[in-house]
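A.B. asks: model the structure of this input:
(chains A and B, ligands or ions: 2)
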Amino acid sequence: MDAVPLLSLKGISKAFGAVVALEGVDFEISRPEVVALVGDNGAGKSTLIKIISGVLHADSGQIRVEGLPVRYTGPESPKLLGIETVYQDLALVNTFDTIQNIYLGREITGLGGIFLDHKRMHQEAKKHLTTLDINLPSIRKKVRYLSGGQRQAVAISRATGWGAKLIIMDEPTAALGVKESRQVLKVVKTLRASNVSVILVSHNIEHVFAITDRITVLRHGRVVASRQTHATSPEEIVRLITGASLAQ
Amino acid sequence: MDLANGKKREGRRTPDLTNDSRSSPETDSPESRSNRLATKGGEHRYRETILQLGLYGALLILIGFFSVCSPYFFTVTNAENILLQASIVGMVAIAQTFVIVSGGIDLSVGSMIGLTGVTAGFVALRPDTGPILPFFAAITMGALAGAVNGGLIAMFRIPPFIVTLASLYAARGLALILTNTQNLYGFNPGFKFVGAGRIAGFPIIILIFISLSVIAYVLQEHTRFARHVYAIGGGRRAAEFFGVSVRRVELILYAVSGAVAGLAGAALAARVASAEPTAGIGFELTAIAAVIIGGTSLSGGEGGVQRSIVGMLILAIISNGLNLMAVPSYYQQVISAAVIVVAVVADQWSKARAE
Ligand SMILES: Nc1ncnc2c1ncn2[C@@H]1O[C@H](COP(=O)(O)OP(=O)(O)OP(=O)(O)O)[C@@H](O)[C@H]1O
Ligand SMILES: [Mg+2]
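C.D. replies: Ligands and ions are numbered 1, 2, ... in the order given. Here you go, the predicted structure:
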């Protein structure tokens, strides 16, 4: 792992009116590393992720990417730095097939940038899906006909197709069945193996333990603990989430 | 995939930025989750295929039916009649297809045909302007008026229905004002030749329509622009989030729709050798009907010009065939309506979710 963390947040705070969503949050992720963000409903996980992905702006605090301080103008900024986010609902155009989704907004063109290079997009997408070990029944099928897990896989492959260093996923397995979840978890593992870091928000402790290097627990907008996955237990994490351990 | 571009490095150098939550993505709603889960893939794909085949099947059945019913139907002359009839509205139906695919609608094209027709007419009144100049004037006028539509829709986020309904009236009024409600005739011979002449035995109007169809189809299948039009209709927020410049696409789209109405307006004036400020009334509805019969969904994201052309041919064949069978025109309207209903029901069926 690099000495300089891929991403580091220091003293991030965010309030929505009177509601303090985040308060003095420090967070780091190296490369490659898979870190889970866990916490109860309303703990501030989504808010933190939106700040990292440039959708929300922190009231205070600093973001560094590979050691350099950055300020975002919007969701485009982190993308330019190799930070991509997979959103469950915004992720895809339902009437497009897998290739069209992967290349939307960054189509490969020949002939003066006007005409699409279908062949190259097809080949590159196929290669990319193979690298990620994603199996789809047909990459020509409109994604609205794919299962939830397959759609998630398409969204992830879109996010990773651009030399991304960090992929953020907010509850990628929340709506999925057992088999579909397994497919998504497998993709996360493959990403890590190809030197891509992942921040994963999840309520599923089992999934978290299956694939992460580290688990960061948020409670009432603060980081209450950050543990190496191999050095903790599901019981401890649950205690941290609910706050029982503080009383001990 | 090595798709890193220059922008990536540039972003690093300009890190001084302010927040912008315009495209703030909504997090997962339970509704859309369950919708997604309720979709059963295989069967729907199969239904879509049936629908596509059904469209071409319907065309063939109609041709067969009228061929049996009337000895005059299946002849070269009559085929030419049908194509001539389909050509002018067919042109605007092609542009309308892209507009509808983007999730919009352009109600102004009928009036635009009137306005651009008289624009072409004024130019063609001069003996020295030949065929090109009047067409150029009409297309420019259409593009400008269309750009006004597009500008209002893209910049001020006014629904296309409202903007183009307003310009339906505005363009018609302008055409009547400019001509003082009079028809223009006495055009230069070059212009009239486009309307009545032939090249290699084919009426020029039909050749224009066929060329436009081919160009539109190629653009539809092979350009990034068209891809973005489909993306906007199929998932506007996703398209925005992925960096598609939705406003730019919309502006161009409506300008093109106006330009094509200009082409159709000039072609119609040339064909009837008279520019009438009232020309094209109701053409927008026939064009929209053709698009819908073709199976392009009004909700956007799906469809294509090839389908609208078949839709247009179906409408033209029904009208022509019933004429040959001496069925009064008011029956034709009811039958056309029935065709539209069947098309929409079939479309719904193909998309109905398996609950
Ligand atoms: N746009 C907003 N306006 C007002 N309050 C908000 C907004 N977004 C989040 N909050 C509040 O901030 C707090 C943190 O919310 P956040 O969505 O980050 O929680 P979360 O950890 O993602 O929860 P969950 O597990 O339910 O997704 C909550 O109290 C929430 O009500
Ligand atoms: Mg959340």
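A.B. asks: where does pLDDT dip in the stretch 151-300 of chain B?
C.D. replies: Within the stretch 151-300 of chain B, not a single segment meets pLDDT under 70.
A.B. asks: for residue A:179, which non-adjacent residue is closest in space?
C.D. replies: Excluding its sequence neighbours, the residue lying closest to residue A:179 (CB to CB, 6 or more residues apart in numbering or on different chains) is residue A:149, at 7.2 Å. Where C-beta positions appear, they are placed from N, C-alpha and C, glycine not excepted.
A.B. asks: just the pLDDT at the one you found, thanks.
C.D. replies: Note on residue A:149: pLDDT of 80.
A.B. asks: repeat for residue A:177
C.D. replies: Note for residue A:177: predicted pLDDT of 81.
A.B. asks: can you verify my assumption that it contacts residue A:149?
C.D. replies: Yes - between residue A:177 and residue A:149 a contact is recorded at 7.4 Å, counting by CB atoms under 8 Å.
A.B. asks: which of those two has more neighbours?
C.D. replies: residue A:149 (21 against 13; other CB atoms under 10 Å in any protein chain shown).
A.B. asks: ok, the residue nearest to residue A:179 - contacts?
C.D. replies: A:176-177, A:179-181, A:183-184 (CB atoms under 8 Å, 6 or more residues apart in numbering or on different chains).
A.B. asks: buried among these? Need that as a selection in PyMOL.
C.D. replies: A single PyMOL command is used to select the members of the contacts of residue A:149 judged buried by 16 or more other CB atoms under 10 Å in any protein chain shown:
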select buried, chain A and resi 176+180+181+183+184
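A.B. asks: which of the contacts of residue A:149 sits closest to residue A:156?
C.D. replies: residue A:184 (7.3 Å; CB to CB).
A.B. asks: next one: residue A:211 from ligand 1, what distance?
C.D. replies: Using CB to the nearest ligand atom, to the nearest Å, residue A:211 is found at 19 Å from ligand 1.
A.B. asks: that residue: how many residues sit nearby?
C.D. replies: By the criterion of other CB under 10 Å, residue A:211 has 20 neighbours.
A.B. asks: next one: residue B:349
C.D. replies: 11.
A.B. asks: chain A: strands as residue ranges?
C.D. replies: A:7-16, A:19-29, A:34-39, A:60-65, A:68-70, A:83-86, A:109-110, A:115-116, A:166-170, A:197-201, A:214-219, A:222-228 (DSSP state E).
A.B. asks: can you list the contacts of residue A:149 in TSV and add distance to ligand 1?
C.D. replies: Listed next are the contacts of residue A:149 as TSV, based on distance: CB to the nearest ligand atom, whole Å:
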residue	distance to ligand 1
A:176	16
A:177	20
A:179	24
A:180	20
A:181	17
A:183	22
A:184	18
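A.B. asks: now intersect the contacts of residue A:149 with the helices, please.
C.D. replies: Mapping those onto helices (DSSP state H) picks out A:179-181, A:183-184.
A.B. asks: restricting to C-alpha, output stretch B:278-285 in PDB.
C.D. replies: Extracted as PDB, the C-alpha positions of stretch B:278-285 are listed here (Å, rounded to 0.1, in the frame of the first residue of the first chain):
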ATOM      1  CA  THR B 278     -53.000  27.900 -44.500                       C
ATOM      2  CA  ALA B 279     -51.000  25.000 -45.800                       C
ATOM      3  CA  GLY B 280     -50.100  22.200 -43.500                       C
ATOM      4  CA  ILE B 281     -52.900  22.600 -41.100                       C
ATOM      5  CA  GLY B 282     -53.100  19.400 -39.000                       C
ATOM      6  CA  PHE B 283     -50.000  17.900 -40.500                       C
ATOM      7  CA  GLU B 284     -48.400  17.900 -37.100                       C
ATOM      8  CA  LEU B 285     -51.100  15.500 -35.900                       C
END
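A.B. asks: so which bits of it are buried?
C.D. replies: Residues of stretch B:278-285 classed as buried: B:279-280, B:283-284 (neighbour count, 16+ other CB under 10 Å).
A.B. asks: starting at the chain centroid, how far to it?
C.D. replies: What separates the centre of stretch B:278-285 from the centre of its chain is 13 Å, taken as CA atoms, centre = their mean, to the nearest Å.
A.B. asks: residues in contact with that stretch?
C.D. replies: Taking CB under 8 Å, 6+ apart as the rule, stretch B:278-285 contacts B:88-89, B:92, B:96, B:106-114, B:117, B:168, B:172, B:175-176, B:261, B:264-265, B:268-269, B:272.
A.B. asks: 6 Å instead?
C.D. replies: B:89, B:107, B:109-110, B:113-114, B:117, B:268 (CB atoms under 6 Å, 6 or more residues apart in numbering or on different chains).
A.B. asks: just the closest residue of the stretch 101-250 of chain B to ligand 1, please.
C.D. replies: Residue of the stretch 101-250 of chain B nearest ligand 1, by CB to the nearest ligand atom: residue B:237 (16.7 Å).
A.B. asks: by contact count, what packs against the strand or helix carrying that residue?
C.D. replies: In the assignment (DSSP states H and E), residue B:237 maps to helix B:236-241. Contacting helix B:236-241 under the criterion 3 or more CB pairs under 6 Å, 6 or more residues apart in numbering or on different chains; DSSP states H and E is no other helix or strand.
A.B. asks: hmm, try it at 7 Å
C.D. replies: Applying 3 or more CB pairs under 7 Å, 6 or more residues apart in numbering or on different chains; DSSP states H and E, one finds that helix B:236-241 contacts helix B:224-234, helix B:246-272.
A.B. asks: could you dump those to TSV with mean neighbour count and distance to residue B:318?
C.D. replies: Shown next, in TSV, are these (neighbours: other CB atoms under 10 Å in any protein chain shown; distance: least, CB to CB, whole Å):
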stretch	mean neighbour count	distance to residue B:318
helix B:224-234	25	28
helix B:246-272	26	21
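A.B. asks: out of the ones you listed, flag the one nearest chain A.
C.D. replies: helix B:224-234 (3.4 Å; CB to the nearest CB).
A.B. asks: distance from the closest one to the middle of the chain?
C.D. replies: In terms of CA atoms, centre = their mean, the centre of helix B:224-234 is found 15 Å from the chain centre.
A.B. asks: ok, residues contacting it?
C.D. replies: Residues from elsewhere that reach helix B:224-234 (CB atoms under 7 Å, 6 or more residues apart in numbering or on different chains): A:93-96, A:100, A:104, A:107, A:109, A:114, A:116, B:98, B:101-103, B:219-220, B:239, B:244, B:246, B:249, B:253, B:300-301.
A.B. asks: coming back round to it: out of the strands of chain A, flag the one nearest residue B:208.
C.D. replies: Closest to residue B:208 of the strands of chain A is strand A:115-116 (CB to CB; 23.4 Å).
A.B. asks: the closest one close to chain B?
C.D. replies: Yes - Strand A:115-116 is in contact with chain B by CB under 7 Å from any CB of the partner chain, via A:115-116.
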